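>>> Mind looking at a prediction? Sequence and model below.
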Amino acid sequence: MEIPPKNSVLLASDKINKFAAMHITAGKSEIWGLQYHPEIPYSYMVKLIKHRKKRLLDAKSFNNEAEIDQHINLITEEDIKINDNTRTLELKNWLNYLRKDN
């Protein structure tokens, strides 16, 4: 079971990433972490996965092609539900936050 660190705030999650984005405070430090690439559209991710299918299987990232296809289907379903503006919102908010401090 995954447990987020103390002093953390979950900023984003979805069916693919339980902890997609987090804000963590540690002493005087603020840490902003992303577990995915919001700057890459889902449609491009699907193309990359298809192109790298053999490499993903060789690296044991997936057990078989059916698992890869299932993952592609999940991404495609999410792409239909969530537009790119919504997917990148936490990244935009973070950039705006940084601008306010300067």
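Nice, thanks for sending it over.
>>> Low-confidence ranges, the protein, go.
1, 101-102 (pLDDT under 70).
>>> any idea where the helices of it begin and end?
Taking DSSP state H, the helices of the chain run over residues 42-51, 53-58, 65-81, 84-87, 89-101.
>>> Show me what the fourth one is in contact with.
Translated: helix 84-87. 38, 41, 42 (Cβ atoms under 8 Å, 6 or more residues apart in numbering). Backbone N, C-alpha and C define where each C-beta goes, glycine included.
>>> how close does the residue nearest in space to the middle of the chain get to residue 14?
Nearest to the mean C-alpha position of the chain, counting by Cα atoms, centre = their mean, stands residue 36 at 2.6 Å. Computed as Cβ to Cβ, to the nearest Å, the residue 36 to residue 14 distance reads 9 Å.
>>> if I look at these two, which residues touch both of them?
residue 20.
>>> Next up, the contacts around the closest residue in space to residue 91 that isn't next to it in sequence.
In this structure, residue 91 finds its nearest non-sequential neighbour in residue 38, 4.8 Å apart by Cβ to Cβ, 6 or more residues apart in numbering. Contact analysis of residue 38 by Cβ under 8 Å, 6+ apart lists 87, 88, 90, 91.
>>> Perfect, that will be all.
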